[in-house]
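Trainee: mind looking at a prediction? Sequence and model below.
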Amino acid sequence: MEPIADEAGTAKKAEALDEALRHAAPSEVIEGALRMVGRERLALVSSFGTEAAALLKAMADVDPEIPVIFLDTGWQFEETLAYRDRLIALLGLRDVRSIRPLDEALQREDGNRDLWFSDPDACCRIRKVEPLRRALAPFGAWINGRKRFQGGLRAAIPVVEADGLRLKFNPFANVTSADIKAIYAQAQLPPHPLVTSGFLSVGCMPCTSRTLPGEDVRDGRWRGQAKTECGIHTVKTS
């Protein structure tokens, strides 16, 4: 695919692709993204969280060489890092890139490692948003694992959307929680190690808590705050 010259062109292309793929299976969405931009211009972004293995399995079945970006914020649970390594080996992922925040940004803005408490939006910016922007620089499109059933800002996401000059594919937009469980069961995927301890959505350690009975899956993230997203899905990457 030739580079899209402006955001209006990207938005038009995304609208047409969403129309074509809005009822497609996840694997078909990934295949469509691969056809549109090619492997060298397509990346999948994964947190290796509690539902991540389902999307990574779908991608690996299409092409295990698609680059996978993991944002290593420095605040991940050790269990998440171990799970990442286990899934890489299990699924045969061949190009997983662990991206860290810049040392100078951490020293300048979070020298005491307490920014997550005083200004969580700023913490997410230097540990996730800016690293992702750098990591996506070579790519024309990216894949992520958001789902409508997660609620909040995710309740109405399309299958394909514009992200600045990039295309953004949401192959699991239409799936249900039952669909995710079925994928895990059919492929015999291991659960994230923290699921059995009550963590139904896992991000950075200081801002993740257990999900209580009756709560939505993501209610354990940034508990007690109005914040519901880290910023990588609410700020343009280009």
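Mentor: Done, it's in.
Trainee: now do the strands in this structure.
Mentor: Here the chain has its strands, by DSSP state E, at 42-45, 68-71, 96-99, 141-143, 160-163, 166-169.
Trainee: between these, which one is closest to Arg125.
Mentor: strand 68-71 (12.0 Å; Cβ to Cβ). Heads up, the C-betas are built off the backbone N, CA and C, glycines and all.
Trainee: mind giving me the packing neighbours of that closest one?
Mentor: Contacts defined by 3 or more Cβ pairs under 8 Å, 6 or more residues apart in numbering; DSSP states H and E place strand 68-71 against strand 42-45, strand 96-99, helix 130-135.
Trainee: hmm, try it at 6 Å
Mentor: strand 42-45, strand 96-99 (3 or more Cβ pairs under 6 Å, 6 or more residues apart in numbering; DSSP states H and E).
Trainee: include mean neighbour count when you put those into JSON lines, please.
Mentor: Output for the helices and strands packed on strand 68-71, formatted as JSON lines (neighbours: other Cβ atoms under 10 Å):
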{"stretch": "strand 42-45", "mean neighbour count": "25"}
{"stretch": "strand 96-99", "mean neighbour count": "15"}
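Trainee: so where do the helices sit in this protein?
Mentor: Here the chain has its helices, by DSSP state H, at 7-21, 26-37, 52-62, 78-91, 103-109, 115-118, 120-124, 130-135, 177-187.
Trainee: now those in CSV, please, with extra columns for mean pLDDT and distance to Gly203.
Mentor: Putting the helices of the chain into CSV (pLDDT from 0 to 100; distance: least, Cβ to Cβ, whole Å) gives the following:
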stretch, mean pLDDT, distance to Gly203
helix 7-21, 95, 27
helix 26-37, 96, 22
helix 52-62, 98, 12
helix 78-91, 98, 9
helix 103-109, 96, 18
helix 115-118, 96, 11
helix 120-124, 95, 9
helix 130-135, 97, 14
helix 177-187, 95, 18
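Trainee: closest to Ser238 out of those?
Mentor: Among the helices of the chain, the nearest to Ser238 by Cβ to Cβ is helix 130-135 (7.6 Å).
Trainee: sorry, back to before: can I get the strands of the chain in TSV including mean pLDDT and distance to Ser177?
Mentor: Output for these, formatted as TSV (pLDDT from 0 to 100; distance: least, Cβ to Cβ, whole Å):
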stretch	mean pLDDT	distance to Ser177
strand 42-45	98	21
strand 68-71	98	23
strand 96-99	98	26
strand 141-143	97	20
strand 160-163	96	22
strand 166-169	97	21
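Trainee: between the ones you listed, which one is closest to Tyr83.
Mentor: Here strand 68-71 is closest among the strands of the chain (Cβ to Cβ), at 10.8 Å.
Trainee: may I see the buried residues of the closest one?
Mentor: By 16 or more other Cβ atoms under 10 Å, the buried positions in strand 68-71 come out as 68-71.
Trainee: if we can go back for a sec, of all the strands of the chain, which one is nearest Ala16?
Mentor: Of these, the one closest to Ala16 (Cβ to Cβ) turns out to be strand 160-163, at 8.5 Å.
Trainee: contact partners of that closest one?
Mentor: Residues outside strand 160-163 that contact it (Cβ atoms under 6 Å, 6 or more residues apart in numbering): 10-11, 14, 17-18, 21, 168-169, 236-237.
Trainee: so what's the gap between it and the chain middle?
Mentor: Taking Cα atoms, centre = their mean, to the nearest Å, the mean C-alpha location of strand 160-163 is offset from the chain mean by 14 Å.
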